[in-house]
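In: got a structure for you, letters missing:
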Ligand code: DNO
Ligand code: MN
């Protein structure tokens, strides 16, 4: 696996590139141009500026997260075509800069959704928390306002231009069903994937987070069956997945290790994190350690090892620990601890399989000598 770390940019992240380079085994950043509104074409000079900054610290820019999809594309409006053209041009430019994987998502209006950005865990650390009853009873407009006021920096999915158009967006999605969303996703993929193929860039959709409908909006990238349906829409290696263990894992019926084995070569990017699910279905993000949450991280890493995964991996959200003042979910410390946990599992699996192979070879040689 190739370890990478999300970085929000020089003026937009308290984490420095030098810090990232100091996390063992971390070879690249996962980045985006957060100032560019969804649907607009990315400028080559902006792309090359990030490349230069990263490479000056010995880090690559192979993985972009995200090139956001304009709402008109998700809504299937006639105006979608111009945004799809921009998307294609951006793919070409990213390829020229050396990018290999583009992560994106197809969630209406919202990216990931939580009700509390700093819920205290038993050890005094804080983490992102999802309380179902709050979502059911809250006016989405109040929630968005609260989140916008509590964050001093741009958050993925909560960009100012999206918040401003929220009322209009909710109206636009009235009557849009899951099947409509599938149809609009199909249209998008049929346009984009041939371009990705031509430029040798792997597209990797991120699952919906949480993996169920919120505020009555349709959500479709939610479980194994739907991931399979997605892969069948355009059956090409360039139409692949960002398999996020925390997003999918918030639904206890999702067996992420099984998905790793089933979708193997179509997984281009792995997000690994743990969540603890309560009896009522609420969940909180925990440390990466298997024992701390409800998702069997050990088993997931083992599945990646067993399929011979050579794709990109990043620790996803982490807790806020050691008094770190950081963007919700994106502290340096807990994500770095997550990486060391992942390497710990990975390295011991590699060591074990090497010694098993060595024993098998010895037995075969002995048999041949006889
Ligand atoms: C949640 C995060 C997401 C992700 C975007 C990708 O698990 O990884 O915020 O970055 O959905 O488009
Ligand atoms: Mn994720």
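Out: Thanks, I have it. Note that this is a predicted model, so its numbers are computed, not measured. Ligands and ions are numbered 1, 2, ... in the order given.
In: Secondary structure element for residue 276, which one?
Out: strand 275-277 (DSSP states H and E).
In: What of residue 268?
Out: Here residue 268 is assigned to strand 267-272, by DSSP H and E.
In: what's in contact with that strand?
Out: 1, 63, 65, 101, 103, 202, 204, 206, 240-247, 260, 288, 297, 300-301, 304, 309, 311-316, 338, 342 (Cβ atoms under 8 Å, 6 or more residues apart in numbering). Glycine gets a C-beta too; all of them are placed from N, C-alpha and C.
In: Next, work out how far apart the closest residue to residue 202 other than its chain neighbours and residue 302 are.
Out: The shortest distance from residue 202 to any residue other than its chain neighbours is 4.2 Å, reached at residue 268 (Cβ to Cβ, 6 or more residues apart in numbering). Going from residue 268 to residue 302 by Cβ to Cβ, to the nearest Å gives 20 Å.
In: roughly how far apart are the residue nearest to residue 202 and ligand 1?
Out: Going from residue 268 to ligand 1 by Cβ to the nearest ligand atom, to the nearest Å gives 13 Å.
In: residue boundaries of the strands in this structure?
Out: With DSSP state E, the ranges of strands along the chain come out as 2-6, 26-31, 60-65, 101-105, 116-120, 126-130, 202-206, 239-244, 267-272, 275-277, 283-285, 312-315.
In: Take those strands and write them to CSV, including mean neighbour count.
Out: Converted to CSV, these look like this (neighbours: other Cβ atoms under 10 Å):
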stretch, mean neighbour count
strand 2-6, 23
strand 26-31, 22
strand 60-65, 23
strand 101-105, 23
strand 116-120, 16
strand 126-130, 23
strand 202-206, 25
strand 239-244, 26
strand 267-272, 25
strand 275-277, 21
strand 283-285, 25
strand 312-315, 26
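In: quick one: which of those strands is nearest residue 333?
Out: strand 312-315 (11.1 Å; Cβ to Cβ).
In: what packs against the closest one?
Out: Packing partners of strand 312-315 (3 or more Cβ pairs under 8 Å, 6 or more residues apart in numbering; DSSP states H and E): strand 2-6, strand 26-31, strand 60-65, strand 267-272, helix 332-369.
In: That strand pairs with which strands?
Out: The partner list of strand 312-315 in its sheet, established with DSSP bridges, is strand 2-6 (parallel), strand 267-272 (parallel).
In: Select, out of the ones you listed, the one closest to ligand 2.
Out: strand 267-272 (3.5 Å; Cβ to the ion).
In: could you check the angle helix 332-369 makes with the closest one?
Out: 120 degrees (axes from the mean of the first three to the mean of the last three Cα atoms, to 10 degrees).
In: any idea of the angle strand 267-272 forms with strand 101-105?
Out: Using the same axes, to 10 degrees, strand 267-272 lies at 60 degrees relative to strand 101-105.
In: burial of the closest residue in space to residue 87 that isn't next to it in sequence, as a residue count?
Out: The spatially closest residue to residue 87, leaving aside those adjacent along the chain, is residue 192, at 6.2 Å (Cβ to Cβ, 6+ apart). Per other Cβ atoms under 10 Å, the neighbour tally for residue 192 reads 24.
In: so what's residue 192 up against?
Out: Residue 192 neighbours (Cβ under 8 Å, 6+ apart): 84, 87, 88, 91, 203.
In: Out of these, flag the one nearest to ligand 2.
Out: residue 203 (15.8 Å).
In: Relative to residue 325, tell me which of the strands paired with strand 312-315 wins on proximity.
Out: strand 2-6 (17.3 Å).
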